[in-house]
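Asks: What follows is a predicted structure for the sequence shown.
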Amino acid sequence: MLGLFQTSGMAQLVLVILAETVVLLLIILVFPYADKTVNIIHIFFGFVRLLILILNIPYLPEVKATTQIKQYVGYVQLAIHCLAFFLFFVLQVKNVVVILTGLGEDELDESGRPPARMVIWRKRMYGHVYGHSAATLMSTSSGPQSSS
């Protein structure tokens, strides 16, 4: 769809900003991921992507920004990208530490709740059993009990 507006940089930028805004609003309103932390991470990086797109406006020929302004905007974009890279790196280091130490993410979480992926796994694994909620499935240590 964006290929239709190859002659107009402003039209392309407006469409990409609108698309990114729609995706960000859907993530905020629907919370598609089971784990709240994952939703927050996607929302944060959605705002970062939207900010980067908005910072592309001075590069449009119609704006007639000076070279110095474009240079400062480029430095700000570079700093934001470095921050995002650093945050992704920190998340990966945390995952490596969890894997190497053998700790489960539930041990890192002090709330005592099981990880969201376990609830989803149990729902898939024992989805044919009716009348059990996710909480019941998580509290059952040997799987669902057959009612005779």
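Replies: Structure's in. What do you need?
Asks: Report the buried residues of stretch 56-65.
Replies: Within stretch 56-65, the residues scored as buried using 16 or more other Cβ atoms under 10 Å are P58, A65. Heads up, the C-betas are built off the backbone N, CA and C, glycines and all.
Asks: Can I get it in CSV, CA atoms only?
Replies: The C-alpha trace of stretch 56-65 is given here as CSV (Å, rounded to 0.1, in the frame of the first residue of the first chain):
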residue,chain,number,x,y,z
ASN,A,56,11.7,12.1,10.3
ILE,A,57,9.5,15.1,9.5
PRO,A,58,12.4,17.7,9.2
TYR,A,59,13.9,15.6,6.4
LEU,A,60,11.0,16.3,4.1
PRO,A,61,11.8,18.7,1.3
GLU,A,62,8.6,20.6,2.0
VAL,A,63,9.7,21.5,5.5
LYS,A,64,12.9,23.3,4.2
ALA,A,65,14.8,22.6,7.5
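Asks: which residues of this protein fall in helices?
Replies: Along the chain, the stretches classed as helices by DSSP state H are 9-30, 36-54, 67-101, 105-108, 116-125, 134-139.
Asks: between these, which gets nearest to P61?
Replies: helix 9-30 (7.0 Å; Cβ to Cβ).
Asks: that older thread, can I get the helices of the chain in JSON lines including mean pLDDT?
Replies: Listed next are those as JSON lines, based on pLDDT from 0 to 100:
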{"stretch": "helix 9-30", "mean pLDDT": "92"}
{"stretch": "helix 36-54", "mean pLDDT": "91"}
{"stretch": "helix 67-101", "mean pLDDT": "92"}
{"stretch": "helix 105-108", "mean pLDDT": "54"}
{"stretch": "helix 116-125", "mean pLDDT": "56"}
{"stretch": "helix 134-139", "mean pLDDT": "53"}
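Asks: Turn these into JSON lines, columns for distance to L60.
Replies: Below are the helices of the chain laid out as JSON lines (distance: least, Cβ to Cβ, whole Å):
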{"stretch": "helix 9-30", "distance to L60": "5"}
{"stretch": "helix 36-54", "distance to L60": "12"}
{"stretch": "helix 67-101", "distance to L60": "10"}
{"stretch": "helix 105-108", "distance to L60": "44"}
{"stretch": "helix 116-125", "distance to L60": "42"}
{"stretch": "helix 134-139", "distance to L60": "49"}
